[in-house]
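1. with the input below, show me the fold.
(one chain, ligands or ions: 3)
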Amino acid sequence: MKAKVGVYVCECGPNISEKIDIDRILEALPGLEEYRDIELVVKRFGLLCSGDGKTFLEDEINNNGLTHLVLGACSPRDHDKTFIAVCKKTSLNPFLYKIINIREHCAWIIPDKDQATDKAITYMRAGINRVLFQSALMEKKLDINPDVIIVGGGIAGIEASLSLAAKDRMVYLVEKDDHLGGKAVLFGGLLPRQGGGSAKIREKIESVLGNDRIKVYLESELKNVIGFLGNFEVMVAGGEGGEERELKVGAIIVATGSGMSDPSALDGLKYSEADEVITSMDAERMFAKDGKISLKSGGEPKSVALIHCVGREEKGYCSRICCNYMMKIAGYLKDQSADMRVIEFHRGLCLPDKADQGFQKETEGRGVEFKRVRELTIAGTKVNAEGMDGKSEALDFDLVILAPALEPSEGTEGMAELLGVPLSESGYYQEIHQTTNPVATSIEGVFVVGAAHSPKGITDSMLFAQASAGKILSQLIPGGKITPEIKVSEILEAYCTGCGNCLDVCVYGAIYYDEGRGISVVNEAVCRGCGNCFGSCPSGALRTKHFTNTQLYEEMREAIR
Ligand SMILES: Cc1cc2nc3c(=O)[nH]c(=O)nc-3n(C[C@H](O)[C@H](O)[C@H](O)COP(=O)(O)OP(=O)(O)OC[C@H]3O[C@@H](n4cnc5c(N)ncnc54)[C@H](O)[C@@H]3O)c2cc1C
Ligand code: SF4
Ligand code: SF4
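-> Ligands and ions are numbered 1, 2, ... in the order given. Below is the predicted model of the structure:
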């Protein structure tokens, strides 16, 4: 059948019509008909994206029996979706349509009308030639699984579980320890404004354990993951008998928390196991167990140094929560003995909220001293601090409590590899966008919440968990379907040498090596059609649908003819 291509040039009000001679484009194009043996329908229209414009296009496609559609208009960023929707209302496959940007690429950047028109004619001819080599692609609809797996049973994982569990949605909560609650249940208490004790956290744990739509796997870990948003298959191992079980879910939430760096490795801190030097986490555990702090040598301390920002410089980031929780620990010490000398050594306090600043005033009011230092070294419990005025002071304490920088939790690298999620420079999971989409990752359907994302307090960890739940609830509607990306890559078996280059460049983990056939294969359901692999293949075996070599070649050939 002879191709019948509808070519419509949009005036875009004065935007195109005043800068380009549209009639000259319409006159120039029919020359293509003899050369390509096609039939062209060529017209202009005021505003193609308006209601009238869309109806006009729909009628043109139907009444003329068009096989292809080319529009000379604005940026595809603005209106590609608009015109794809128009095609979908007709019998024309939307992949046989193309928009050519003669507004931003010609009208708006070339002051001379003749030159702008010449360029627009070239673009239009190239576009028409390309569309003739495009193929009709058929969208698939896949059933979605609304269930969710959450890895990590700290407060973030707990909050996400409670936000998602519902009659028509099962939540699987996988925790590597033998209890839920993460770090928060190991503390002597929470910040005073958070209610002090951890009763609220325990209430949430009870709600999880009592919810028949949440299945908890303790002492368990994720072993394998394949699939994509709406259809993941994951292997969980552990629990009684170290059993392995396969779970099918639609989304994965990573809530594995953060770890604490090892302060003993830092220059300037010289102490041994025998010295009365402990970390903030050790102090929290002691208060949780005994309600007070004791020295290794027995007895109670009369003077305590709290050292902030241990390892902050080496890590290159602020752990954000330490200033607050160190003041909480100072409060415990003052509760233990109001006469105890407690000094907090810091390099500038991180107190972003009004409530934090109020807390600092309150702590100071209880007799806790705050000393801002430029340099600080410790040798056992001897602290040498250089103040901001350059004066040094040597003090000896009964006990030193360090606040080591937080870091990604153990196993983060392995988990990132398993999920195909990249890590940031500081080693935490990389979100899609720090400001506009902080909970999602580059793998659709995989979310990161709580301290696994970056150092955070409990409130922010819970907010992240609720945000990810919101995203999942809107994406995985029970009974719903999803349309996977259709412009994906494929590997032509006959050309693939199995060199594996493409496996390294695919950040989505969409390519796997088929041992039996000795070639690489694209998992089309996971592929996002980014095209990275296309350029990496030395054998020309890779093709990205809707962006093939032939299509590019034909477009360029017409442009320079
Ligand atoms: C000393 C100290 C005191 C603090 N005090 C306060 C405070 O008073 N108030 C406050 O708001 N914040 C406080 N924080 C911060 C608080 O700890 C975090 O905000 C909170 O723990 C983050 O919760 P989470 O669920 O993201 O991580 P976590 O509490 O760390 O929980 C992560 C969970 O994931 C599990 N896990 C890890 N890896 C895996 C894996 N591969 N598979 C399965 N499970 C895994 C862990 O076992 C853990 O149970 C304090 C932090 C410290 C270090
Ligand atoms: S186009 Fe290639 S690199 Fe990009 S997601 Fe698909 S397989 Fe991976
Ligand atoms: S880069 Fe090309 S030849 Fe090498 S494995 Fe991938 S598809 Fe095959």
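
2. kindly report the residues of this protein close to ligand 2.
-> By Cβ under 6 Å from any ligand atom, the residues of the chain that approach ligand 2 are 488-489, 505-506, 508, 510-511, 522, 527-533, 544. Bear in mind the C-beta positions are built from the backbone N, C-alpha and C, glycine included.

3. list the contacts for the residue of the stretch 101-250 of the chain found nearest ligand 2?
-> In the stretch 101-250 of the chain, the residue that lies nearest ligand 2 is F228 (10.9 Å; Cβ to the nearest ligand atom). F228 makes contacts with 444-445, 484, 523, 525-526, as judged by Cβ atoms under 8 Å, 6 or more residues apart in numbering.

4. kindly report the same for R312.
-> R312 makes contact with 318-319, 347, 405, according to Cβ under 8 Å, 6+ apart.

5. for C496, same thing?
-> For C496, the contacting residues are 519-520, 537, 539, 541, by Cβ under 8 Å, 6+ apart.

6. got the phi/psi numbers for the nearest residue to F187 once chain neighbours are set aside?
-> Nearest residue to F187, sequence neighbours excluded (Cβ to Cβ, 6 or more residues apart in numbering): E284, at 4.4 Å. Per-residue torsions, E284: phi -60, psi -40 (degrees, to the nearest 10).

7. E284: neighbouring residues, count only.
-> Neighbourhood size, E284 [other Cβ atoms under 10 Å]: 21.

8. closest one of the contacts of C496 to Y123?
-> For the contacts of C496, the residue nearest Y123 by Cβ to Cβ is C537; the value is 28.8 Å.

9. by contact count, what packs against the lowest-mean-pLDDT helix or strand in the chain?
-> Within the chain, confidence by mean pLDDT, DSSP states H and E is lowest for helix 32-36 among all helices and strands, at a mean of 80. Counting contacts by 3 or more Cβ pairs under 8 Å, 6 or more residues apart in numbering; DSSP states H and E, helix 32-36 is packed against strand 39-45, helix 113-131.

10. quick one: what helix or strand has E490 in it?
-> For E490, the host element (DSSP states H and E) is strand 489-491.

11. and that strand, how far out from the chain middle?
-> 25 Å (Cα atoms, centre = their mean, to the nearest Å).

12. again, but for stretch 262-270
-> Per Cα atoms, centre = their mean, the centroid offset for stretch 262-270 relative to its chain is 33 Å.

13. now do the buried residues in that stretch.
-> For stretch 262-270, a neighbour-count test (16 or more other Cβ atoms under 10 Å) marks 263, 266, 269 as buried.

14. relative to ligand 2, how far out is the second one?
-> In this case it means L266. Separation of L266 from ligand 2 (Cβ to the nearest ligand atom, to the nearest Å): 41 Å.

15. show me what from the stretch 351-500 of the chain comes close to ligand 3.
-> 491, 496-500.

16. mind running it again at 8 Å?
-> In this structure, the stretch 351-500 of the chain approaches ligand 3 at residues 491, 495-500, judged by Cβ under 8 Å from any ligand atom.

17. among the residues you listed, which lie within strands?
-> Taking DSSP state E, the ones among those that sit in strands are I491.

18. farthest-separated two in the residues of the stretch 351-500 of the chain next to ligand 3?
-> Greatest spatial distance among these (Cβ to Cβ): Y495 and G500, at 14.5 Å.

19. does L71 really touch T82, like I thought?
-> No: L71 is not in contact with T82 according to Cβ atoms under 8 Å; the separation is 10.0 Å.

20. who's in contact with the lengthiest strand in the chain?
-> Criterion DSSP E: the longest strand present in the chain is strand 369-379. Under the criterion Cβ under 8 Å, 6+ apart, residues 268-271, 277, 305, 307, 341-349, 360, 364, 383-388, 390, 400 lie in contact with strand 369-379.

21. next one: stretch 515-527 to chain centre, how far?
-> Centre-to-centre, stretch 515-527 and its host chain are 25 Å apart (Cα atoms, centre = their mean).

22. buried stuff in the longest strand of the chain?
-> Buried residues in strand 369-379 (16+ other Cβ under 10 Å): 370-371, 373, 376, 378.

23. returning to what we had before: separate out the buried members of the residues of the chain next to ligand 2.
-> The neighbour count (16+ other Cβ under 10 Å) marks 488-489, 506, 508, 510-511, 522, 527-530, 532-533, 544 as buried among these.

24. and the least confident of these?
-> Within those, Y508 has the lowest pLDDT, namely 78.

25. spit out the contact partners of D514.
-> D514 makes contacts with 520-521, as judged by Cβ under 8 Å, 6+ apart.

26. typo on my end, it should be K292
-> Going by Cβ under 8 Å, 6+ apart, K292 touches 286, 300, 336.

27. that older thread, helices or strands up against the strand holding E490?
-> strand 519-522, strand 542-544.

28. strands paired with it, and their directions?
-> strand 542-544 (antiparallel) (DSSP bridges).

29. between the contacts of F228, which has the most around it?
-> Highest neighbour count within the contacts of F228, by other Cβ under 10 Å: G445, with 25 neighbours.

30. local confidence estimate at it?
-> Looking at G445, its pLDDT reads 94.
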